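Undergrad: Just the structure for this:
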Amino acid sequence: MTRKFNFSAGPATLPQEVLEQAQAEMLDWHGCGLSVMEMSHRGKEYTSIATEAEAELRELLAVPDNYKIIFMQGGGSTQFAAVPLNLLGDNDSADYVNTGVWSDKAIKEANRFCSVNVVADSQDTNYTTIPHYENWGVNPDAAYLHYVANETIGGLEFPWVPQTEGVPLVCDMSSTILSRPLDVSQFGLIYAGAQKNIGPAGLGIVIVRDDLLGKARESCPAMLNYEIHANAHSMYNTPPTYSWYIAGLVFKWIKKQGGLNAMADVNQRKSDKLYAAIDQSDFYKNTVQKEARSWMNIPFTLANSELDKVFLEQAAERDIVSIKGHRISGGMRASIYNAMPEEGVDALIEMMSDFEKSYG
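TA: Now for the predicted structure:
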């Protein structure tokens, strides 16, 4: 069997080692005679899987003791509503930063529940820059400030963490979490969909500071209430058990690679060499401000968009798949999450070079 180099933005490539272990354990997990998919989420077997996965994640991110980790149904988009419903309390205002499609979706959802103050907006540069922090119109009385660490469609990533001077900082880290070390104590709440650096789609992870629990509005559904899930150890209802199990295997795999420092070294090297290949060419182009370029999602266009179809066909012939750009931005997009091997990036760069020689 030949594994293709899957550059999909999500659901994304998973470590082959993880998939092989899941395959080996599919029918019989550790001799218990059951598949993980068949287990009661309250049984001792699955409880051990869940508890260990949470402990592994807490260790990887060095999550402080005054933070809860919650495993929830749904991806990052579910949290667009859950965040305001849980954190607004009696406040009716929240600050948001708009740096791309996912920021905009979060803002539109929050507008259902409160007055949204867009403190910074990079729409006028077509989401290719991050506005300087000194120009942000931050409200010191806001319930929280929300931003998206990495915009998967536009390939724009924050190279710094906003300092909010006491206002709880909320961050969508769906596409960057576990790609490098992180100081969780800088945030009031972090959330992430699993389908990029964590595991299969359908699972969402929330890391929330204890003092932000218990503020949910009366109208907040129980299924979105962080305090309810935290008190129930993410077992208020049947969680996405298999996705949680795979996430635990991924956490172990990251530790085996050397942890988040090792992930950061590889991820920076992969992105640096791909950006270098783009920048050294007149045939390919990336328009994102260099200091705000994403490590995880690298969009680029060809000098002649009429060649896009041919490019994709020739990429597929070399087992390079899911490289087509988002329908909003067009062109190409290489998503190079943790599980994308460096040889996959090398193969893409070689293919790009050969294609330019033929059509440039």
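
Undergrad: Which positions within the strand or helix carrying residue 208 qualify as buried?
TA: Using DSSP states H and E, residue 208 sits in strand 203-209. For strand 203-209, a neighbour-count test (16 or more other C-beta atoms under 10 Å) marks 203-209 as buried. Placement of C-beta: from N, CA and C, glycine included.

Undergrad: And the helices in the stretch 251-360 of the chain?
TA: With helices called from DSSP state H, counting those that start in this stretch, the stretch 251-360 of the chain shows them at 259-279, 308-317, 342-359.

Undergrad: Format those as a markdown table; extra columns: distance to residue 58.
TA: Listed next are the helices of the stretch 251-360 of the chain as a markdown table, based on distance: least, C-beta to C-beta, whole Å:
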| stretch | distance to residue 58 |
| --- | --- |
| helix 259-279 | 13 |
| helix 308-317 | 39 |
| helix 342-359 | 28 |
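
Undergrad: Which residue ranges make up each domain of the chain?
TA: Domains of the chain are assigned by automatic domain parsing as 28-256, 259-359.

Undergrad: For residue 14, which of those is the nearest?
TA: Between residue 14 and the domains of the chain, the tightest spacing by C-beta to C-beta is seen for domain 259-359, at 5.4 Å.

Undergrad: Quick one: distance of that closest one to the chain centre.
TA: Its chain's C-alpha centre and that of domain 259-359 lie 18 Å apart, by C-alpha atoms, centre = their mean, to the nearest Å.

Undergrad: Ends of it, what's the gap?
TA: Start-to-end span of domain 259-359 (C-alpha to C-alpha, to the nearest Å) is 41 Å.

Undergrad: what mean pLDDT would you report for that domain?
TA: For domain 259-359, mean pLDDT is 96.

Undergrad: same thing with stretch 99-112?
TA: In this model, stretch 99-112 carries a mean pLDDT of 96.

Undergrad: Adding distance to residue 17, write the domains of the chain out as a markdown table.
TA: Converted to a markdown table, these look like this (distance: least, C-beta to C-beta, whole Å):
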| stretch | distance to residue 17 |
| --- | --- |
| domain 28-256 | 6 |
| domain 259-359 | 9 |
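
Undergrad: so which of the ones you listed gets nearest residue 3?
TA: When the domains of the chain are compared for distance to residue 3 using C-beta to C-beta, the nearest one is domain 259-359, at 7.9 Å.

Undergrad: burial of the nearest residue to residue 320 once chain neighbours are set aside, as a residue count?
TA: Excluding the flanking residues, the one nearest residue 320 by C-beta to C-beta, 6 or more residues apart in numbering is residue 5, at 5.0 Å. Residues within reach of residue 5, counting by other C-beta atoms under 10 Å, total 23.

Undergrad: Phi, psi for residue 5 please.
TA: phi -90, psi 100 (degrees, to the nearest 10).

Undergrad: For it, report the pLDDT, please.
TA: 97.

Undergrad: where's it relative to residue 345, distance?
TA: Remark: distance between residue 5 and residue 345 (C-beta to C-beta, to the nearest Å) = 8 Å.

Undergrad: Also residue 52?
TA: Note on residue 52: its distance to residue 345, by C-beta to C-beta, is 32 Å.

Undergrad: which one of the two has more residues nearby?
TA: residue 345 (23 against 14).

Undergrad: Next one: the more buried one from residue 210, what distance?
TA: The span separating residue 345 from residue 210 equals 40 Å under the rule C-beta to C-beta.

Undergrad: which residues touch the residue lying closest to residue 97 once chain neighbours are set aside?
TA: Distances taken as C-beta to C-beta, 6+ apart put residue 147 closest to residue 97, at 4.0 Å, once the chain neighbours are dropped. Going by C-beta atoms under 8 Å, 6 or more residues apart in numbering, residue 147 touches 96-97, 99, 103, 158, 162, 169-172.

Undergrad: Which strand residues bridge residue 147?
TA: Using DSSP bridges, the bridge partners assigned to residue 147 are residue 171.

Undergrad: Show the contacting residues for residue 9.
TA: Per C-beta under 8 Å, 6+ apart, neighbours of residue 9: 152-153, 175, 196, 297, 322, 326, 333, 335.

Undergrad: Quick check: of the residues you listed, which lies closest to residue 246?
TA: The closest of the contacts of residue 9 to residue 246 turns out to be residue 196 (C-beta to C-beta; 13.1 Å).

Undergrad: secondary structure class for the closest one?
TA: Secondary structure assignment for residue 196 (DSSP: H, G, I helix; E, B strand; the rest coil): coil.

Undergrad: What count of nearby residues applies to it?
TA: Neighbour count for residue 196, taken as other C-beta under 10 Å: 31.
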